[in-house]
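>>> With the input below, show me the fold.
(chains A and B)
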There are 2 protein chains.
Amino acid sequence: MKKHNFSAGPSILPQEVFKKSADAILNFNNSNLSILEISHRSKDFIAVMDTACELALEHLNLQNKGYKALFLQGGASTQFLMVAYNLLNHKAAYLNTGTWSTKALKEAKLFGEVIEVASSKDKNFNYVPKNYSIPTDADYFHCTSNNTIFGTQLNHFPTTQIPMVCDMSSDIFSRVLDFSKFDLIYAGAQKNMGPAGTTLVVVKEDILGKIERTIPSIMDYRTHITAESMFNTPSVFAVYVSMLTLEWLKNLGGVAAIEKTNTQKAEILYSEIDRNPLFVGFAEKEDRSKMNVTFNLTEGANQELFDSLWKEAGISGINGHRSVGGYRASIYNAMPIESVQVLVDAMKEFERKS
Amino acid sequence: MKKHNFSAGPSILPQEVFKKSADAILNFNNSNLSILEISHRSKDFIAVMDTACELALEHLNLQNKGYKALFLQGGASTQFLMVAYNLLNHKAAYLNTGTWSTKALKEAKLFGEVIEVASSKDKNFNYVPKNYSIPTDADYFHCTSNNTIFGTQLNHFPTTQIPMVCDMSSDIFSRVLDFSKFDLIYAGAQKNMGPAGTTLVVVKEDILGKIERTIPSIMDYRTHITAESMFNTPSVFAVYVSMLTLEWLKNLGGVAAIEKTNTQKAEILYSEIDRNPLFVGFAEKEDRSKMNVTFNLTEGANQELFDSLWKEAGISGINGHRSVGGYRASIYNAMPIESVQVLVDAMKEFERKS
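Sure thing, here's the model as predicted:
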């Protein structure tokens, strides 16, 4: 039975990517070798890494603008640390919009003063703070573009005089932005890009090298830039699958094309949440995420019935995070509209049967 | 044409592991979901992680002895840093047997005094130093059990009063040792365990928590022990393939059984190197590695001819590392004796045709 996988991450990837990945495990590039057993220094894998980096920059419209793309290990959680190691001299400014921002902020505190410019913690992060001011003497400003757990998304980014760093783990490649506003973007692969195990970092080179401290080799972005993401053995397979996914996106028409579909999927689902008296959205309407749709049952609604209906429909991965409860439907790039429609149909059926 | 893959890492894995991995990408555990799209918090993946950790401890005979097994991201290169972050208060002792020891030592220097108890750098690391003394007031002693690049291997480990830390990246699970002599063992997966992208750490819990400094969350072994390797999203697929490889090893009879085959393979290859007048081994005989066999052509031998012969035989990955030159045949656990025989046959044919 076909599954409709709304998992928040690791999450759905295009079916053709699964197919090509499985093929490459048995025979990569007609080499009679598995992608799992080839050297990361082989010509074939260097081509994979180069293509993945080029496609990442191309999708962000950041080629030839002084940026480097890197595929590193350690997830966004390691970036919380690396960002501060490489950029925090004395003071940094953080916007706190959820669990991941909070964690990023905590790690930065080990390296200097951290100013929380605003926080939406007062309402369990169900909105995105606006009208905050960013100290101009901070070394950088850090924000999280999409909050996977709470289902909010930043629609406006400040214009800053200082470098802007953004954790885009859960909405990278999902919408067109002026990415040149950002000086450092990072994203764990496991939502819109590939399987868990690799992390994209896109960094403007001229912000680096301005720190006094000695940075451990593996924590230093310059190490990885010089070594072209091969300072140590990269996560070969995860980079390969990321490349396939970025190629799939390109063939589809790129970020602008997928953004249209993403908007459509989000509208279908949010419309039903707003229409159906048995559901209530969690996030403030103006800050709703187009990637992670969080919602709860209204008082007295029969949870058992709804759970049985979506399970019967082949839906998986929509249980909400423990910090929010209820439901969370993650509708990343690879999620087809048809699957969103299956969920909406289950919600309608729930209303009929209640 | 069948390939005989002597790559130093990422390297050959069992054929049945490739097959099962490819299957799991299309349909994992009959879930109709890919292993690449499931949550790391799903019941099925938690079972994979638990099994991989249990098998790792079982193969090392370290169950119920106060050790924890972890699967982390970042490779051994990140362990160079984590070891020092977690254990180095004032002084550490390092044995320098090659490129990776040297790198480990360099990172540790950021955290305190580092004593190089001995080094084989004087002879381009072609031997393993003996009869060194380890300062008893050091926080720990660090060594590298097998030197992938130079083809040497430690046959004796000192008995220490202080914690002993060992980088076993390139020979873990290849031979029986008294692993309880070690307090912390780490190994990048990409030789005897799985694909690149995950790193096994086996740590005796009671050596932790004795440091004054604040350790960043992701660098702290205690973070990962508490979270059972799920503090952040683990490298799901790499852990899965590692589990399959550890299961394959168990079905084969475990480390003791594979050690016999490994010894046999090494003997076949070293015998030919010693017999054939066109080849000379790189490492001192008593320190020869059973995993990475390094050798050069003797003066005047026709390199072009030898290279064409092994390529015709379907051999790949035997070019030596740039620091040593010549050839390196890596004969990890998954390498069949038959492939070693193919290489030896090519060496014999080279002699006949020269």
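
>>> so residue A:201 sits in a strand?
Yes - inclusion of residue A:201 in a strand is indicated when DSSP: H, G, I helix; E, B strand; the rest coil is applied.

>>> Please name the residues that touch residue A:184.
Residue A:184 makes contact with A:83, A:87, A:140, A:163, A:164, A:165, A:166, A:201, A:202, A:203, A:204, A:207 under the criterion CB atoms under 8 Å, 6 or more residues apart in numbering or on different chains. (Each C-beta comes from the backbone N, C-alpha and C, glycine too.)

>>> from the residues you listed, which single one is nearest residue B:177?
Within the contacts of residue A:184, proximity to residue B:177 (CB to CB) peaks at residue A:201, which comes in at 38.2 Å.

>>> Looking at the contacts of residue A:184, which are in strands?
Applying DSSP state E to the contacts of residue A:184, the entries found in strands are A:164, A:165, A:166, A:201, A:202, A:203, A:204.

>>> Of those, just say which sits nearest to chain B.
residue A:201 (13.8 Å; CB to the nearest CB).

>>> Quick check, that closest one in contact with residue A:70.
Yes - using CB atoms under 8 Å, residue A:201 and residue A:70 qualify as a contacting pair, with a distance of 4.4 Å.

>>> From residue A:166, how far out is the closest residue to residue A:219 other than its chain neighbours?
Taking CB to CB, 6 or more residues apart in numbering or on different chains as the measure, residue A:219 lies nearest to residue A:85, with 4.7 Å between them; neighbours along the chain are not counted. Using CB to CB, to the nearest Å, residue A:85 is found at 17 Å from residue A:166.

>>> ok, now which ones touch residue A:82?
A:201, A:219, A:221.

>>> go again using 7 Å as the cut-off
For residue A:82, the contact set (CB atoms under 7 Å, 6 or more residues apart in numbering or on different chains) comprises A:219, A:221.

>>> Could you do the one 5 residues further on as well?
Applying CB under 7 Å, 6+ apart to residue A:87 gives the contacts A:139, A:140, A:163, A:207, A:211.

>>> and the first one, what pLDDT?
Right, residue A:139. Per-residue confidence for residue A:139 comes out at a pLDDT of 98.

>>> Counting neighbours, what do you get for it?
The number of residues packed near residue A:139 is 24, by other CB atoms under 10 Å in any protein chain shown.

>>> looking at it, it is touching residue A:86, isn't it?
No - Residue A:139 sits out of contact with residue A:86 when judged by CB atoms under 7 Å, with a separation of 10.0 Å.

>>> for the record, mean pLDDT for stretch A:75-89?
Computed over stretch A:75-89, the mean pLDDT rounds to 98.

>>> List the buried residues for that stretch?
A:75-88 (16 or more other CB atoms under 10 Å in any protein chain shown).

>>> and it, how far from the chain's centre?
On the basis of CA atoms, centre = their mean, to the nearest Å, the separation between the geometric centre of stretch A:75-89 and that of its chain is 17 Å.

>>> Please determine how far residue A:323 is located from chain B.
If you measure residue A:323 against chain B using CB to the nearest CB, to the nearest Å, the figure is 14 Å.

>>> isn't that residue right up against residue A:149?
Yes - using CB under 7 Å, residue A:323 is in contact with residue A:149, at 5.7 Å.

>>> Who has more neighbours out of these two?
Set residue A:323 next to residue A:149 and count neighbours by other CB under 10 Å: residue A:149 wins out with 20 against 11.

>>> dump the residue contacts of that one.
Per CB under 7 Å, 6+ apart, neighbours of residue A:149: A:98, A:99, A:321, A:323, A:324.

>>> Make sure I have this right: it is in a strand.
No - secondary structure of residue A:149, determined by three-state DSSP: coil, with no strand assignment.

>>> sorry, back to before: got a quick ChimeraX command for the buried subset of the ones in strands among the contacts of residue A:184?
What follows is the ChimeraX syntax selecting those of those that are buried according to 16+ other CB under 10 Å:
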select /A:164,165,166,201,202,203,204
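
>>> And the ones in strands among the contacts of residue A:184, which two are furthest apart?
Spatial extent of those (CB to CB) is set by the pair A:164 and A:201 at 14.5 Å.

>>> residues of the longest helix belonging to chain A that come out buried?
Counting residues, the longest helix in chain A under DSSP state H turns out to be helix A:254-275. The neighbour-count criterion (16+ other CB under 10 Å) identifies A:254-255, A:258-259, A:261-262, A:265-266, A:268-270, A:272-273 as the buried residues of helix A:254-275.
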